[in-house]
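Trainee: Let's see this in three dimensions:
(chains A and B)
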Amino acid sequence: MSCQRILYARSIPQGIKHSHRLFTTSSLVYATEEATIKNDAPIATPVKTLTKEQLKKKELRKFLKSKADARKAASEYPLYMKIPEALRYLRAAEVGQPNSQQTVSLTTLIVSDKGVPPLYGNISFPVPLRKSKIAVFSNDVEKLEELKQKYDIYLSGGSELIAEIKNGNVKIDFDKAFATTDIASSLTTQLGRILGPKGVLPNVKKGTVSDDLVTLIRENLGTMPFRERNKCISIGIGKTTFSDEQILQNILAARKALKEAVSTQKSKKPSMLSKTTLTSSHGPGLVIDFN
Amino acid sequence: MSKVARQKNFLNAISFTTKKPQVLINPGKYQGMRLTFQAQNHSGHMGPRMLWRKYLPTLQFYNPNFKIDVVRINNEKKTVNVPCTMEIIDNTGKTIDTIDMKNKMYDNIMDEFLSKVEHKPIPEDELIQV
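Mentor: Below you'll find the model as predicted:
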């Protein structure tokens, strides 16, 4: 068998058919071999498979590199820019686009060990991008009416609203949800699967369940929530029509909130904020100094 | 091409390599411009679209306070006769000049615009290169 393989590896003379009478036995073997292989599918090149240990090493190397990158100064990146200059480029790239598509956003990579809980928190922007939509769940109809009159509430209701959301009749496009204690448990059981992954499930731990809804809403009205997803946090900071100063103020507010989220993280090894880019809907991503 | 090189080319196209729109439009006289054209290419509307894509970013980059409005009208079924105009607006908000852009190349439209507007080219040493 090994002999046959070696023979096949030799250069093939053109025009040999396997019906040809050949003089040497070795050539005869080669001719039949060629005929069988020609009928088959082309031979695929062997795929390099890494062993478990190699994979582990590779992952570790990648993690250490990302950690080293997180310690690097922003100015060391090849496309580092100061914020006003970056905004000038973004505004130029966004020229003529509809206003709804001119959002400037900030993306920060997060470097964290395995098993560290994701970062989350709230940012209160000095110049908000849009009003945050609030949903309130409560069985107390009078209280809801009172709240509706006082604040701009997007959705409110009791068990009937829960049923509507469960059926899919009501879209989940609100940013925040609050609930009273009497309805919280039924919310978790019925809508936990739907609201949980979107991060809008009222929860005692998060501080979004309370009987005193008035103070809760007052504290949270002007804030936007953020959450770490796929090892990065991306936040809409403003529109290109905002002035440089307004965007800078918002970036500072975001920075404050992110640093607070890192410092209050319940973990032995806190996450690190790495490369931060400023980008817009159609524009390039430009690295800025965030630390 | 690497990711960084591609990005650099993109940024340089805005600020350095596109030569024709590297001008400073007299800010004391003009407020902005408004382009109206079709979202689709047919009936001679490709020129303004290419002008928007190729030249307007650079023009905006060197004239940050010059307002550029782009109004694109959807006309997939070719039923409506969509205007194809560029209006130049002065500081009082009045339209002082209109350029018909139909069936014209983006280069020619830019030439026509520059011939109608007071401007001066940006000196070579003030151009920004990434």
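
Trainee: Correct me if wrong: A:N99 contacts A:K239.
Mentor: Yes - using Cβ atoms under 8 Å, A:N99 is in contact with A:K239, at 6.9 Å. Placement of C-beta: from N, CA and C, glycine included.

Trainee: Residue in chain B with the shortest distance to chain A?
Mentor: With Cβ to the nearest Cβ as the measure, B:V70 is the residue of chain B nearest to chain A, at 3.2 Å.

Trainee: Burial check on the closest residue to that residue other than its chain neighbours, number of neighbours?
Mentor: Using Cβ to Cβ, 6 or more residues apart in numbering or on different chains and skipping residues adjacent in sequence, the residue nearest B:V70 is A:G96, 3.2 Å away. Around A:G96 sit 18 other residues, with neighbours defined as other Cβ atoms under 10 Å in any protein chain shown.

Trainee: so who does the closest residue to chain B within chain A touch?
Mentor: Residue nearest to chain B within chain A: A:G96 (3.2 Å; Cβ to the nearest Cβ). A:G96 makes contacts with B:L35, B:W52, B:L56, B:I68, B:D69, B:V70, as judged by Cβ atoms under 8 Å, 6 or more residues apart in numbering or on different chains.

Trainee: Let me have those in CSV, adding secondary structure, distance to A:V116 and neighbour count as columns.
Mentor: Listed next are the contacts of A:G96 as CSV, based on DSSP: H, G, I helix; E, B strand; the rest coil; distance: Cβ to Cβ, whole Å; neighbours: other Cβ atoms under 10 Å in any protein chain shown:
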residue, secondary structure, distance to A:V116, neighbour count
B:L35, strand, 50, 22
B:W52, helix, 46, 19
B:L56, helix, 45, 21
B:I68, strand, 46, 17
B:D69, strand, 47, 13
B:V70, strand, 45, 18
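
Trainee: wait, which of those is closest to A:N250?
Mentor: Using Cβ to Cβ, B:I68 comes nearest to A:N250 of the contacts of A:G96, at 24.1 Å.

Trainee: If I look at that closest one, what pLDDT would I see?
Mentor: With respect to pLDDT, B:I68 scores 93.

Trainee: hang on, the earlier thing: quick check: the gap between the residue of chain A closest to chain B and B:P57.
Mentor: 9 Å (Cβ to Cβ, to the nearest Å).

Trainee: Same check on A:K275?
Mentor: Noted for A:K275: a distance of 25 Å to B:P57, by Cβ to Cβ.

Trainee: And A:L79, by the same measure?
Mentor: 17 Å.

Trainee: before we move on, the earlier item: so for A:K275 and B:P57, which sits in the more crowded spot?
Mentor: Taking other Cβ under 10 Å, A:K275 and B:P57 do not tie; B:P57 has more neighbours (24 against 20).

Trainee: Cool, thanks, talk later.
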